[in-house]
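Visitor: Quick one, structure for this:
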Amino acid sequence: MLSFQVRNLLLDPSLQIPVDAVWNQESIATAGDEIKCLEPWRIQGRICNVGGAVLEFSGTVDTQIAMTCDRCMKPVMVPLHIVIEQRFAKDQASDASDQEEWDILPIENDRIDLDETILHEVQLGVPMKVLCKEECKGLCPICGQDLNEGQCECEDDHIDPRWEALKGLFSE
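Guide: Below you'll find the predicted structure:
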């Protein structure tokens with residue numbers, strides 16, 4: 001749990017709190033999928049006072065996840081490097097103009113909790129689609145042969161039934 005006492009930082013803006021942690025997370029839930037984490041998350045950054053009762057966590061999360069190629073269904077290791085900037089405020093109504101640019105979270109009992117912020121940002125950083133290689137040919141839609149490993153024996157003259165009516169247009 002990444003929770004920090006920030007009372008001194010609120011009183012003395014020249015102070016900073018360094019963040020250097022390892023978070024063991026087995027999987028990430030995204031859009032109904034469970035994505036396996038292959039290594040612990042490495043979290044590095046700092047918490048600093050950016051004005052009055054407003055603190056900012058600036059940092060990065062580095063890890064590696066296991067996904068499936070969207071064309072050939074082979075496992076793919078995907079490195080993640082997530083940049084996080086999150087502000088926290090003791091009194092969220094103190095600077096309404098700044099809230100338009102930042103999603104400001106509350107400082108409760110002179111503590112900030114980074115767990116939810118980090119988890120949310122990592123979930124957003126997971127790519128929606130991933131390929132094992134840029135030139136991946138995928139699977140044959142008829143027999144399921146991995147076309148990266150060789151051509152299949154399926155006939156390639158199959159016409160999509162939605163375009164069948166146009167077939168006779170240029171026959172004359």
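Visitor: where does the chain have low pLDDT?
Guide: 92-102, 156-158, 171-172 (pLDDT under 70).
Visitor: make it 80
Guide: Applying pLDDT under 80 to the chain picks out residues 1, 31-32, 52, 91-102, 155-161, 163-172.
Visitor: Mind listing what's buried along stretch 14-27?
Guide: For stretch 14-27, burial by neighbour count (16 or more other CB atoms under 10 Å) applies to Ile17, Val19, Ala21, Trp23, Gln25. The way it works is simple: take the backbone N, C-alpha and C, and place the C-beta from them, glycine included.
Visitor: correct me, but the last one touches Pro40?
Guide: Going back to what we said before, that points to Gln25. Yes - Gln25 is within contact range of Pro40, at 7.2 Å (criterion: CB atoms under 8 Å).
Visitor: which one is Pro13 nearest to, not counting chain neighbours?
Guide: In space, Pro13 comes closest to Asn49 once its chain neighbours are excluded; the distance is 3.9 Å by CB to CB, 6 or more residues apart in numbering.
Visitor: In the sheet, which strands lie alongside whichever strand or helix holds the one you found, parallel or antiparallel?
Guide: According to DSSP states H and E, Asn49 maps onto strand 41-51. Here strand 41-51 has these sheet partners by DSSP bridges: strand 16-23 (antiparallel), strand 54-68 (antiparallel).
Visitor: returning to that earlier point: for the residue nearest to Pro13, grab the count of nearby residues.
Guide: Applying other CB atoms under 10 Å, we find 20 residues neighbouring Asn49.
Visitor: Quick one: residues contacting it.
Guide: Going by CB atoms under 8 Å, 6 or more residues apart in numbering, Asn49 touches Leu9, Leu10, Asp12, Pro13, Leu15, Leu55.
Visitor: bridging residues for it?
Guide: Beta-bridge partners, per DSSP bridges, of Asn49: Leu55.
Visitor: cool, the one 10 residues further on as well?
Guide: When bridges are called by DSSP bridges, Gly59 pairs up with Gly45, Ile84.
Visitor: quick one: contacts for it?
Guide: Val19, Ile43, Gln44, Gly45, Arg46, Val83, Ile84.
Visitor: How about Gln123?
Guide: Ile28, Ala29, Thr30.
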